[in-house]
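Undergrad: the sequence isn't on hand, but the structure is:
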């Protein structure tokens, strides 16, 4: 559509309001129940932010304020559409998607992580993506097993 019909100051102003889409992972979109709820909440928040920006009278400023929420809404809508709700593991003998794993590194550090979907992953909060290198190595292992990552041994202490 021509810029003349959009009341934009210039073609530059129009292009400033279009953000590139958020990258979608090529991996299956496995989610826990918590992860699914987080995606739903994020989509609702993006839609709410978009609607709030809709009240701005200046068309250029409105478009700038809507750009981020619109991009996020598209992303979260697509992630929800492709989400594969994965039930928690049936037992705690073998590490799988949804398991909580405690392991000890060679230097004595003990770490605990839950293996979750990509959008839910946040290592600072104890959640790692199932496609992360360490999660891939842990998958299918049990307490007492030792894996090697980057030349260092990691001993699995507990699976929950």
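TA: Alright, I've got the coordinates. Because the structure is a prediction, the values reported are computed rather than measured.
Undergrad: okay, CA-based contacts and neighbour counts for the rest of this
TA: Fine.
Undergrad: in what helix or strand does residue 113 lie?
TA: Applying DSSP states H and E as the criterion places residue 113 in strand 110-116.
Undergrad: other SSEs contacting that strand?
TA: For strand 110-116, the contact count by 3 or more CA pairs under 8 Å, 6 or more residues apart in numbering; DSSP states H and E identifies strand 100-105, strand 127-129 as packing neighbours.
Undergrad: tell me, what residue is most central in the protein?
TA: In the chain, the centroid-proximal residue (CA atoms, centre = their mean) is residue 119; its distance is 1.3 Å.
Undergrad: wait, what's in contact with it?
TA: Contacts for residue 119 were tallied using CA atoms under 8 Å, 6 or more residues apart in numbering; they are 35, 39, 129.
Undergrad: do residue 155 as well
TA: Residues touching residue 155, when contacts are defined by CA under 8 Å, 6+ apart, comprise 103, 104, 105, 143, 144, 145, 146, 147.
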